[in-house]
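A.B. asks: Quick one, what's the 3D model for this:
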Amino acid sequence: MPSDITSLLQRWSAGDTAAIDDLLPLVYDDLRRLARRNFRRERLDHTLAATALVHEAYLRLAGQHHQTMENRAQFFYLSGEIMRRILVDHARRRHAEKRGGAAVKVELDEALLASEEKQEEWLAVHEALTRFAAIDPARTRIVELRYFAGFTVEEIAELEGRPLTSVKRDWVIARTWLQRALTESKIGPAALE
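C.D. replies: I've put the predicted structure just below:
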């Protein structure tokens, strides 16, 4: 199956737009797992939200043009990044509404409504991560895969083709930096647990 995924990703990179449709059934369960991990600290009734997040991510993936995908690690990284953007955009919309913004309310799914604290956490982590990316882009990728895509350090090492000890070390360094940044933003270091 990984070779099928790689083949479809290469076809998609070459401009075969039908390849993404052929790819979805092969990666759907993995994408749902990624989406569920994004909600693991939320209410237990987020099944529909995970499904909606996968579908929205798929629509955005299908709309991407000229993506160079050589392997499944790149695909899942991009998928996790798209899910992150969806959730951060959603939190920003909700935050703007809370502050009296005049934005038109467009809901991805009613079940995606997260607690106010969770939305604040998503925004704070996103802002801290943006600052960290300017300092250390390689470790930022590990944080994105770990926090936003929900991969374990073992899965990241496998996806990245790196030694587990190296990924563990980079995760500890990145997490320490981000925890300090989150403590300063009053969100607290527990956000990255």
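A.B. asks: which stretches of this protein form helices?
C.D. replies: 2-13, 18-38, 47-63, 72-98, 116-135, 137-143, 153-160, 164-184 (DSSP state H).
A.B. asks: Give me the pLDDT value at Arg169.
C.D. replies: In this model, Arg169 is scored at 95, pLDDT.
A.B. asks: Would you mind confirming that Ile20 is in contact with Leu59?
C.D. replies: No. Look at Ile20 against Leu59 with Cβ atoms under 8 Å: they stay out of range, at 10.4 Å. All C-beta atoms are positioned from the backbone trio N, CA, C, and that covers glycine.
A.B. asks: Of these two, which one has the most company?
C.D. replies: Comparing Ile20 with Leu59 by other Cβ atoms under 10 Å, the one with more neighbours is Ile20, at 20 against 11.
A.B. asks: Tell me how far the more buried one lies from Ala124.
C.D. replies: Distance from Ile20 to Ala124, counting by Cβ to Cβ, to the nearest Å: 33 Å.
A.B. asks: Phi and psi next, for the closest residue to Arg33 other than its chain neighbours.
C.D. replies: Distances taken as Cβ to Cβ, 6 or more residues apart in numbering place Gly150 nearest to Arg33, at 7.5 Å, with adjacent residues excluded. When read as degrees, to the nearest 10, the backbone of Gly150 gives phi 80, psi 20.
A.B. asks: Can you check the pLDDT for Gly150?
C.D. replies: 71.
A.B. asks: Quick check: closest non-adjacent residue to the residue nearest the centre of the chain.
C.D. replies: The C-alpha lying nearest the average C-alpha coordinate of the chain belongs to Gly80 (Cα atoms, centre = their mean; 3.1 Å). In space, and not counting its chain neighbours, Gly80 is closest to Ala149: 2.8 Å by Cβ to Cβ, 6+ apart.
A.B. asks: again with Val143
C.D. replies: Nearest residue to Val143 in three dimensions, chain neighbours excluded: Ala174, at 4.9 Å (Cβ to Cβ, 6+ apart).
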